[in-house]
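A.B. asks: Give me coordinates for this.
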Amino acid sequence: MKALIIKLLALLGFVEAGNLIQEGQTAYNFNLLNEEGKPVQLSQYRGKWVVLYFYPKADTPGCTAQGKEYSRLYDKFLSNNAVVFGVSTDDVPTIKRFKEKYNFRHSLLSDPKGEVAKAYGVKLFFGMCSRDTVLINLEGKVEKIYRGVDPKGDPNQVLSYITSKAKSY
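C.D. replies: Here you go, the predicted model:
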């Protein structure tokens, strides 16, 4: 039923579907601005796990819960050689206020046109990202893609995966 609704919304022009990137493919080398207006490129993080969690809108309940949980687990991500970025179509001033309001320890990135979201197969609903998480491995390949994630459970699921794989790298 959910797939049918999404297809109908896409036909009406309310949903934009991104290209379906596959696990194992080279990650899209984005260049986005963080909450301070400074450019962040994926290539800067080669040799690290990179978590890109796409969220719909700053300062909404689910997005806030997800951001707080990633922030709470931030030291564990760092100790497993991982960096975390929250990505949305919100502009830089909005993500800056969002990060400051909740004291997030990880960085937020602005993807105002949804270009990076689409490159990773994230759907855009009325200009907002679907709640998906993309995990990029140390070699710059898409390791895992989680679609339609639970905002509270996603950070723990991703951390568990990284922790289980850390021994093999």
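A.B. asks: tally of neighbours for residue 119?
C.D. replies: Residue 119 has 17 neighbouring residues, counting by other CB atoms under 10 Å. (Glycine included, C-beta is placed from N, CA and C.)
A.B. asks: ugh, typo on my part, it should be residue 106
C.D. replies: By the criterion of other CB under 10 Å, residue 106 has 20 neighbours.
A.B. asks: In three-state terms, label residue 118 for me.
C.D. replies: Look at residue 118: counting by DSSP: H, G, I helix; E, B strand; the rest coil, its state is helix.
A.B. asks: Quick check: closest non-adjacent residue to the residue nearest to the spatial centre of the chain.
C.D. replies: For the chain, residue 53 is the residue whose C-alpha lies nearest the centre (CA atoms, centre = their mean; 2.0 Å). Closest residue to residue 53 apart from its sequence neighbours, by CB to CB, 6 or more residues apart in numbering: residue 133 at 4.5 Å.
A.B. asks: Could I get the pLDDT score of that neighbour?
C.D. replies: With respect to pLDDT, residue 133 scores 98.
A.B. asks: need the contact list for residue 76.
C.D. replies: By CB atoms under 8 Å, 6 or more residues apart in numbering, the contact list for residue 76 reads 159, 163.
A.B. asks: what are the phi and psi values for it?
C.D. replies: phi -70, psi -40 (degrees, to the nearest 10).
A.B. asks: from here on, count from 12
C.D. replies: Got it, the first residue is 12 from now on, which makes the last one we talked about residue 87.
A.B. asks: if we can go back for a sec, please identify which helix or strand holds the residue nearest to residue 64.
C.D. replies: Using DSSP states H and E, residue 144 falls within strand 143-147.
A.B. asks: Roughly how far does the residue nearest to residue 64 sit from residue 43?
C.D. replies: 16 Å (CB to CB, to the nearest Å).
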